[in-house]
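**Q** I'd like to go over a predicted model; first the sequence, then the structure.
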Amino acid sequence: MNYQLFTNQMKSLLQEYFGESAKISEVITTKNNDVVLKGLSIRNKGENIAPAIYLEEYYKRYQNGVSIHELMLEIVALRKDRYDVDFGFPIEEFEDFSKIKSHIVYKIINYHQNQKLLKEIPHIPFLDLAVVFYCSVGTSDKRSADKMVGSIQIKNEHLNLWNTDLDTVYQIAKENTPKRLKIKCSCMESILNGFSEEIRNGERNPLEDDFITDPISKDKTLEHSIPMYVITNEFNYLGAAAILYKDSLREVATLLNSDLYILPSSIHECILLPVTVTQNIDELRAMVKDVNEGHVIDEEILSYEVYRYQVVEDEIMLDTKEKDRLS
């Protein structure tokens, strides 16, 4: 059975399961880096928003011998989980800007690899990246990535619906993002030793030694045998944008007494290291390339570039000397 036949059959099975209580529709979504995913939405009657369930991984499992009926029941369970969670706002209020604006945050994606997607969504160019916007879902009182419901991409049509503009959305996101998605910065050594998992599980005080949170304590020192630090948010989700938080890089650079190299390991996090460690940009760029090609799925690649944060100017720049700063 090819993928399209699998999709058709899964759609029929789900429609039979839900009957007239829901409508099953095929969806095609352009994700990050213009990766196109196909899936299904299960929309209750009277609703105008429904999460997409992508079928690529289910199809791979079907090819490996899992029955399509078993996979259908898994999708039913997944759909139930997504509807039973606290979204942080009534989903029917998505069209009301006054009620949704407190959930608007930003993320960063690659500008050149998202030309198709960027035609559909409001964005601000930043070096070789683009700042784009989404509504965080389920982050009001959840504090771990595995409990985060997800996000709703903000499109140009939403700005028209809300009767607002790009600058208004950016200013709101600029204020919301550091508050809703608090910064987390951990030393690479601790992550390699497994401490990051302990922190997420609440087994270790997140304010101790190798953990920097918001605000960063100026009483802490960051001296480790591996002078590399992973900057993200507390959900480890779309956390590369934390490099744009006001003073986030300045505080780390001040503690390290050095400008910083920023290595974009994915859309979820970046790696920071003091420029005193090396001046070999080609070596750092090769490291980024190796991570992207061997350890990051296509839709989560952020960039192949290496950035430098200059603390005196408070600016992020490419190694080509191109500088940028968001106002």
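**A** Okay, I see it.
**Q** Wasn't residue 151 part of a strand?
**A** Yes: checked against DSSP: H, G, I helix; E, B strand; the rest coil, residue 151 lies within a strand.
**Q** quick one: it from residue 291, how far?
**A** 23 Å (CB to CB, to the nearest Å). In this view, the C-beta of every residue, glycine as well, is placed from N, C-alpha and C.
**Q** Outline the domain layout of this structure.
**A** 3-84, 91-179, 181-324 (automatic domain parsing).
**Q** just so I have it, where are all the helices in this protein?
**A** 3-18, 56-63, 68-84, 97-100, 115-118, 156-162, 166-180, 188-192, 195-200, 248-256, 281-295 (DSSP state H).
**Q** Residues touching the last one, excluding its own?
**A** Residues from elsewhere that reach helix 281-295 (CB atoms under 8 Å, 6 or more residues apart in numbering): 261, 263, 264, 265, 266, 278, 301, 303, 304, 305, 306, 319.
**Q** do the fourth one as well
**A** Residues from elsewhere that reach helix 97-100, judged by CB under 8 Å, 6+ apart: 89, 93, 94, 135, 162, 163, 164.
**Q** let's see it at 6 Å
**A** When contacts are defined by CB atoms under 6 Å, 6 or more residues apart in numbering, helix 97-100 is touched by residues 93, 94, 162, 164.
**Q** before we move on, what about the second one?
**A** Taking CB under 6 Å, 6+ apart as the criterion, the residues outside helix 56-63 that touch it are 3, 6, 68, 71.
**Q** Most neighbours among those residues, which one is it?
**A** residue 71 (19 neighbours; other CB atoms under 10 Å).
**Q** Please name the residues that touch it.
**A** Going by CB under 6 Å, 6+ apart, the list of residues near residue 71 reads residue 58.
**Q** Tell me how far it lies from residue 242.
**A** For residue 71 relative to residue 242 (CB to CB), the value is 36 Å.
**Q** Grab the nearest non-local neighbour of residue 164.
**A** The spatial neighbour of residue 164 that comes closest, neighbours along the chain excluded (CB to CB, 6 or more residues apart in numbering), is residue 97 at 6.0 Å.
**Q** what's around that neighbour, how many residues?
**A** With other CB under 10 Å as criterion, residue 97 counts 18.
**Q** ok, back up a step: most tightly surrounded among the helices of the chain?
**A** Of all the helices of the chain, helix 248-256 has the most neighbours on average by mean count of other CB atoms under 10 Å, namely a mean of 20.
**Q** Now find how far off-centre that one is within its chain.
**A** Centroid displacement of helix 248-256 relative to its chain, using CA atoms, centre = their mean, to the nearest Å, is 23 Å.
**Q** Now do it and helix 166-180, the angle between them.
**A** Orientation note: helix 248-256 sits at an angle of 40 degrees relative to helix 166-180 (axes from the mean of the first three to the mean of the last three CA atoms, to 10 degrees).
**Q** Would you mind stating the distance between the nearest residue to residue 31 once chain neighbours are set aside and residue 114?
**A** Using CB to CB, 6+ apart and skipping the chain neighbours, the partner closest in space to residue 31 is residue 299 (4.8 Å). To residue 114, residue 299 is 10 Å away according to CB to CB.
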